[in-house]
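The sequence and its predicted three-dimensional model are supplied below.
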Amino acid sequence: MWYQTQGWRSHDAHAQWRGKGALAWRRDAGSGRRVAGTRSTVMLGVKPSVFLLMVNGQIESADFPEFDELYCKYSYVYGHDWAPTTGLEEGISQITSKSKDCNQGFVWNFPMEITFKSTNPYGWPQIVISVYGADLFGNDVVRGYGAVHVPMTPGRHKRTIPMFVPESSSKLQKFTSWLMGRRPEFTDPKVVAQGEGREVTRVLSQGFVTVSFNIVTKDLKKLGYDTIPPNNQTSAMSDG
Amino acid sequence: MASTENLRQKIKSKRKALQASLTGSSEVSDTQGLVSAEMENGTRNENATFIEDIQDEDEQAENLKQTMRAQRRRRKAPLVDDVIEFNHEESPQDITKITRRQRSLPPLGECTPSTSFAEYSMREKMREKLKAARSKAQSALQQEEESASRYPTDLGDQSSITQFDTEVDEEYAKRPRDAESPIPPPRVRFREIASRLKPKPKEGFPSTEEAYNFFTFNFDPEPEDSNEGSEVRSHPQTLHDVDQGEEEAAEEGGEESAVSKDEEKEEEGKEEDERLVNDDEEDEDDYLFIIDQTARDFLIVKAPDYEGYNNRQQRDRKVLFIPSILSVSTSEKVPENMQPRFLEDEGIYVGEKPKVSKSNQNIIENRLLKNEEGKRWFGSDGRVIALANPIKQTKTRPPIFSPHDEVDPAIETLYRKAERSRYNSQYIAGSGEPQGHFQLDIDVAGIVFSHHPMFSREHVLEAKLAQLYDQYQLRQQKNLANLYTDKLCALRKAVNNIAEGQGVQNPMALHRLVEYKSEIRATRRMCHLEQERDRTLLKNIIKVWKDIKSLREFQKFTNTPVKLHLRRQEANRKADELSYEHEIQAEIAELLEDYQEVYDSKLEEYKIKYEEWKSWRKARKAKKKQKRVAGEQQDDDTDESLTAEELPKPDPPEPVDPSVVEEQVRETAARIYRKPGEPLLYPELSMTATVTPTNQCPRGEQLRRQDVQRCTLFAKVLFNNKEVSRTSSRTLGIDFRIHFGQIFNMQIVNWPESIKIQIFQTIGTSTTKIEVFVPIPETSILTGSAPIDEMEFSSDQRVMFDHEGVGSGVAFSFEVDGSNQLILLTSGKLACSVSWAVDENGVPLVPPVLHQNYGIQSTLKHLDAISSIGATGLTDTKKLAKWAAESRLDPNDPSNAALMQLIMSATNGEEPNKDYFRLDHLQEEFNFLSEEALNKSKRFRLLQLRNDGVTEFLNYKQIPIKDSEISEKIFQEYKNKQCDRETFDLTSHLDVHRAKVAKYLQKVRDSVTSRFLLAKHHYTLPDMVIEEAVPSISMLGVNLFRLAEPRRPLRPRRKERKKVTAQNLSDGDIKLLVNIIRAYDIPIRKSMGRPALTSRSARSVSETFPTSQPPQISAESPEWCTDQVSVHPFVEVSFQRIVRQTATLVGPNPNWNEELELPFRAPNGDYSTSSLQSVTDEVFINVFDEVVYDVLEDDRERGSGVHTRTEKHWLGFVHIPFTTIYSQSRIDGTFRINIPPVLLGYSKERNLASERGWEAVRSLSDGSYLSLFITVEPHLVPGEPVIEKFESQEDEKLLQRADKFQKEVAQKFRNRRCVTTVTDLTGKMVFVTRYIKPLFPPQELLDVLPNSSEATMELLARYVSLIPFLPDSVTFAGICDLWCTSDQFLNLLAGDEEEHAVLLCNYFLALGKKAWLVIGTAIPEGPTAYVLSYDHNQYVIWNSTTGQYYGQFDAFCSLQSVSCLVSAENVWFNVQKYETVMRINFDTSKSNLWKPFFSRSFPFPGLSSVQPDELVYQHTDKAAAVELQDKIEKILKEKIMEWRPRHPTRWNRYCTSTLRQFLPKLELSHGREGGDDHCAELQSLLGDYRISGFPIHMSFSELKPVIEAVHSTGVHNTETPLAEFALAVYIHPYPNNVLSVWIYVASLVRNR
């Protein structure tokens, strides 16, 4: 019956993604957002003035000393007043193997590009990256979660995000989860971008992911938000 | 030679070319290089003479060395072979080279066959060589670096020469023979040089110059040997060994003279050193160093050093010491010339030494003796000094003997919860640091009794004497009398001065004089007083002493050592008299003066008064005269004035009589002053008297003394009423003084509140206690500087003795006759001091804020401002300041800084108008905006509203950045809505009462929601992290079992799915899956135009009760057998106005097994748990009959075309609220289809076979049923009920018991819900039995059927079911299950199962029935509450929300399981094996079936009910009901027309009115009877219409559900063009605004 067919849907999603490889995809969540959008415009009558934040960059590399064959996913978490206008909101990278040199890094060079519009800097977008890989038995398990705010100042930035995974709640659970290849995961990778409820979790640090951003903003200053430090307007460009 | 010359030239040029190419040449393989080097060396040897370039000195040196070797070689030519062999052995790795060498060797071999050294065996030589090599190892090591740096250059130089290999080889082959002759000359030269160098030390290094000279000598090398030399060089590692080995071999050979050998050696060393120097000098040869670094050059292979075992042992012996295990003789251990002494033998106790094994002891002794001072370790007995074995052989803990392995209850360890200290909150501020930072030292010095019960009379006197003497001494010390006397003298002098000097004119002086005089007067008085006191004191002392003396004489023994000496000082009588007289005279004079003054002033006064009097008299006289003249008229007035103003004649003051004054003065003087000539007496108290020994005393005194000796005392020190320590017990001395002299150091944590010292006195067995309070020292009192205070104490205890002791509190007398009785109480002085300790660094260990203690109880008050003046006082700065001043707040304490600042500003009056106290007075600076600006900004307001979760703005996206972009309209809407809350529009509610209720509900909801707002943000681990559950053993077993399971089982089962938290969902993600399986007993069509058969869709109460009549069974309808197409049912599921339907099947028992998928849309797109829980939408599952009408007008077309019209006729419905599905995640079961009481044109199918004889079965299968499965996809996690401990007013014990009870039963029966405590509307825990209480239903209902109790019950159930149902999860957003009391419920007119059931249960109880509340699970509600009643030996189960009831053995009872029964007195939990109603025994008296909450061990405490005493019912306004009825009808009609936009809707008014008449009848019969009658009636009335319709019955709460219900029937969907409609509404009002709504909908089609 349908119950059986639908059973493990969400878990199998990883496998689907893996199958797709480097294909980035975009969730078509249009309906909900469109409803809200129309509503607000109806309520407001006029189109509100917004500022734009353009992010492009790439998830360059990662450093996970213990693992091999990893891929990553990214998504954004942003506040109520933010809306992506163009670009991909989510993506999933190819699987990459450990490099043979002494650094043993993982290189994805996975590009991302998105433009947000917003009326409020509150809820500035955060990029959430989760890394997955196969374990000893070939099960697809999570290798790390991490999040970082998209840089606020225009220019080129490089961010190294420390990654962590939730810990099993007990030794026995740890063992069984290892045995069954079902490591604890966050219910939603986006929880790592939020502070609420984190006190109940225990995490283990895993590695690092390096992301480079190129930020372009529009109208931020016009609307009264001066994000560029006064003394290093030029140096901000070469920052990172 | 010319050929040689040519050759040389040739080679030279070649070499140059080579050198040129050398710089560019890269590394060639080592072997190759070596090979070429070998050849090149050959050439070089030949050309040695030509090489003079300094830059090639390296090469030269190389050449030289080779030459030398060649010379040597020639001398020991026969050896060469062997050496080569040796080399061969040493370097087997280089095969190519060896072959080459062999190739070039044959001539050499030919050359030296006849050597005389052939007899040496090769092995021998090798051994020698080895030996030599070893001895030379050091020099080799020294030189290896040099050699290492040398070879690379050669290799590098000639690396590219390989190409000439063959040529050169050939030439070399020739050379040896040619070069044979020129050997001698070089040797000669060599010798010369050698002799020149001789003075040099053998191993010394030659200087550069010498080396240069040496190397520049021209000699011909022997080409023959060059081969070998180069060969040797090809093994750089072994080269030296080999070289030297050769030399040694040559030495051994002894052919040549020893001199030359030495020289050679010397040369060799020299030459190598030389090269080293060159390397250093020639900086330009950089490349040398580069090439240096090949791995090979650093590698040195060397035989391992070996040292003989004996040698090593020898050496070890020098360093190491191994103690022997042999025993040491005693003589060595004891000091010399001494015999060992055995203390034990001498009788001195020596403990048993710890056991040490003999060998270990010997070892340690030997080791100790090895040390110089080792002997110290030995005792006089010659053994190692050791302490006695500390281990006791016996157990110190007594064994516990207990007969049953149980701990003796007397010594059993009991766990007692730690109690918090009462003074917990009084910790000293800042004592978070290590405890005992503060220390009080209490010095209890001793006690002196001023009275003690055991005092003898003498003691009493002695004490008195001592007291007086103390007083005397004190006075002496102060010497007040003298002081005053002196002062008097001084004053007198001053007065005299003034009088004499200035005269009296000066007003200042005069004034001063007056002052002085008054002062003199005062001083004199004081002086007299003091002197008098002194005198009386002295007299008293003497008197007491006399008493003592007389007492001692009287009793004939002395008890006290006290003795008073009176020191007498003879006075000069004359002088005394003089001064005495002078004094008196002075006094008299002064007094006289004073009196004179007084007299003068009095006289003055008198004069004035006299004048007044005189004038008054005159006036009177004059008036009298006037009166006489004036006559009668004024008589009254004057009379009055005369009587009023009559003044007595003042008396003149008497003059002072000096003699009287003198007499007075003398009198006092006699009393006070020492008489002239009287000796001065100084009493001196001493303790010198001898106390009579006890044996000489009379018996009474002996007893007393014995008693005194038995008396012991000790003192306890109590800090904050807790005993801290106690002194040792001391015996009372004969002098009744006790010296403790103990100092207690107390490290304190709590504030010192009281320090108390309790003195315990033990006489024999009796103990008396005296308490002394000691003041807490000020912070300045520190140990060391604290004086010992004497604290007086007393006790009012009555003590009486039968011996000489006077007792305490007992009257006794010193007189013989018993007069002049004295009562003395035990009293004394405690000498002690309390001070703050000082630590080693001199820092006082005083708490930081210790204010002046005004009293013990006020200590705390001073610490805390709020507790002292109250929280409101803080706002009053004046009060605060006052408090601060009172409590002497330390202004320098940083913890008080804020307060002080505030007080300062308040007291200084800087801000006098600031009459408030601000907690965060700096907050303003950090404020983002001012309050007004914040309110003014629309944007901020919007943001705030959104943040507060106001529903309108909750999901508002992109709040505009500019105020101007926000229109007021948004707020307008919000404000309007806010206003609406106050004034409800009646259009949506239709009813004032309900509007009020809705408002109230909204308020409750708001308050409850805000209460749980915080709890909602409480995350648990499963909320955050998905984690697989640990598989249990059983699970593993199941999993294993599952492996054997077939992949596709024949009967698949539903599996549990993974849950999804509703946070990342959006529209379209959630679907409702409805699986319609089958239906039973669907009504079938009746043929047109015939009267309907029995349609009994509901059962009467009579059926369930035994009094049931045989049911009406319809006569068999003949057409049923013939008409095969009885019904074409299909199911339509509508949810949120989205409709899905199944296929149409045939027959009354269709089996669809079809899955329908309906999308779910959450309100406002909010998919949070709370939002989902409050979805009020219901799933309507309607059963329809599809009727196909042939609408072909023309029969002729029948053959070619089909023209039919399909109609669907509503048969019944099942509705399930979404919340039920959501909270249970799945609904699976068979539901009874709600079929309207009257279904026009349909009848129930009768199963003929089971018509008779199967009464029970038939009755069970009555009604139509539908099997369903509903779930939500994906599996949503239902909102966890907040399991939070609410506050409760219940008894703590009861709550604990409830907790325990619930846990107990939950262990055994996990699935059964146990309800003991529930949450009431205010969010408090209430015990469930408090809800059950007999409550009377409305009298109207009781009056309807007064005779039949069953009917009344039924009616009540109906009444209760008419109260609208509203699940708590909807009302309170899934927060928790709240129980309203019945009056609240009736007021709200909404509630869920619990409220209904409670009300019904209470009604039943009021009727005098036995009734219980049943907690269990039912379909489709899930966990629910039903009512169980017991009547006529039958248990009946009532569904209070529908009004339906079931017998216990009813198979279609919707109650599935029973877990709990609740009555007013008790709660029973079902502990039976089964929980289904049918298999349960409801006898609650059996505790093995029903576990009672209140049992004998925990009896019912008599909980009062939370229900009101009586329910007050409002009378429902009938007119309003009628009005509402019309309103509903109108709205419904409009709606139906609205739903049929494409067709005109015609209303058949005739039919409507007919229907309207039916409805009240239906209501009266509760929708049960009369259906057939009115069908018939309808049929007759509307004969020419085909009518399909039905009445809908529902309780009324709001309009929306009514509309929904009508819509779901789909009556409006009739597409028949000529269809007419009829709609009638009837509202039957029940008391308290409970309304029963009937809607009759019908569609009519005119029959053709």
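Arrived safely, thanks for sending. Residues are numbered from 1 along each chain as shown, chains lettered A, B, ... in the order given.

Partner strands of the top strand by length along chain A and their direction?
For chain A, the strand with the greatest residue count under DSSP state E is strand A:203-218. In the sheet, strand A:203-218 lines up against strand A:51-63 (antiparallel), strand A:155-166 (antiparallel) (DSSP bridges).

want to throw those into a markdown table with mean pLDDT?
Rendered in a markdown table, the data for the strands paired with strand A:203-218 read as follows (pLDDT from 0 to 100):
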| stretch | mean pLDDT |
| --- | --- |
| strand A:51-63 | 93 |
| strand A:155-166 | 94 |
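
Turn the ones you listed into JSON lines, columns for mean neighbour count.
In this view, the C-beta of every residue, glycine as well, is placed from N, C-alpha and C. Shown next, in JSON lines, are those (neighbours: other CB atoms under 10 Å in any protein chain shown):
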{"stretch": "strand A:51-63", "mean neighbour count": "21"}
{"stretch": "strand A:155-166", "mean neighbour count": "19"}
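
can I get these in a markdown table with distance to residue B:1472?
A markdown table is the format used below for those (distance: least, CB to CB, whole Å):
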| stretch | distance to residue B:1472 |
| --- | --- |
| strand A:51-63 | 61 |
| strand A:155-166 | 44 |
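
any idea how far residue B:1070 is from the residue of the stretch 1251-1400 of chain B found nearest chain A?
In the stretch 1251-1400 of chain B, the residue that lies nearest chain A is residue B:1273 (6.5 Å; CB to the nearest CB). Going from residue B:1273 to residue B:1070 by CB to CB, to the nearest Å gives 7 Å.

got the buried residues for the longest strand of chain A?
Judged by neighbour count using 16 or more other CB atoms under 10 Å in any protein chain shown, the buried positions of strand A:203-218 are A:203, A:206-215, A:217.

re earlier: looking at residue B:1273 and residue B:1070, which has the bigger crowd around it?
More crowded of residue B:1273 and residue B:1070, by other CB atoms under 10 Å in any protein chain shown: residue B:1070, with 21 against 18.

where along chain A do the helices fall?
A:2-6, A:9-20, A:30-44, A:171-180 (DSSP state H).

Give me the neighbour count for the closest residue to chain B within chain A.
Scanning chain A for the residue nearest chain B gives residue A:197, at 3.1 Å (criterion: CB to the nearest CB). Close neighbours of residue A:197, defined as other CB under 10 Å, add up to 17.

which non-adjacent residue is nearest it?
Distances taken as CB to CB, 6 or more residues apart in numbering or on different chains put residue B:1019 closest to residue A:197, at 3.1 Å, once the chain neighbours are dropped.

which residues sit in contact with the residue in chain B that chain A sits nearest to?
As assessed by CB to the nearest CB, chain A sits closest to residue B:1019 within chain B, at 3.1 Å. Taking CB atoms under 8 Å, 6 or more residues apart in numbering or on different chains, we find residue B:1019 in contact with A:196-197, A:199-200.

which non-adjacent residue is nearest residue B:697?
Nearest to residue B:697 is residue B:557, by CB to CB, 6+ apart, at 4.9 Å.

repeat for residue B:755
residue B:774 is the one closest to residue B:755 (CB to CB, 6+ apart), at 4.4 Å.

wait, isn't the one you found in contact with residue B:834?
Yes. Here residue B:774 lies in contact with residue B:834, judged by CB atoms under 8 Å, at a distance of 5.3 Å.

who has more neighbours, the two?
It is residue B:834, of residue B:774 and residue B:834, that has more neighbours when counted by other CB under 10 Å, with 23 against 19.

Does that one have any beta-bridge partners, and if so which?
residue B:442.

Just the pLDDT at residue B:887, thanks.
Looking at residue B:887, its pLDDT is 62.

sorry, back to before: reformat the buried residues of strand A:203-218 into a markdown table and put distance to residue A:128 and pLDDT next to each item.
Shown next, in a markdown table, are the buried residues of strand A:203-218 (distance: CB to CB, whole Å; pLDDT from 0 to 100):
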| residue | distance to residue A:128 | pLDDT |
| --- | --- | --- |
| A:203 | 14 | 91 |
| A:206 | 15 | 89 |
| A:207 | 16 | 91 |
| A:208 | 15 | 93 |
| A:209 | 11 | 94 |
| A:210 | 15 | 95 |
| A:211 | 11 | 95 |
| A:212 | 17 | 95 |
| A:213 | 14 | 95 |
| A:214 | 19 | 95 |
| A:215 | 17 | 94 |
| A:217 | 21 | 92 |
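
Any chance of JSON lines for these, columns distance to residue B:448?
Output for these, formatted as JSON lines (distance: CB to CB, whole Å):
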{"residue": "A:203", "distance to residue B:448": "74"}
{"residue": "A:206", "distance to residue B:448": "80"}
{"residue": "A:207", "distance to residue B:448": "83"}
{"residue": "A:208", "distance to residue B:448": "82"}
{"residue": "A:209", "distance to residue B:448": "86"}
{"residue": "A:210", "distance to residue B:448": "87"}
{"residue": "A:211", "distance to residue B:448": "88"}
{"residue": "A:212", "distance to residue B:448": "92"}
{"residue": "A:213", "distance to residue B:448": "90"}
{"residue": "A:214", "distance to residue B:448": "95"}
{"residue": "A:215", "distance to residue B:448": "91"}
{"residue": "A:217", "distance to residue B:448": "91"}
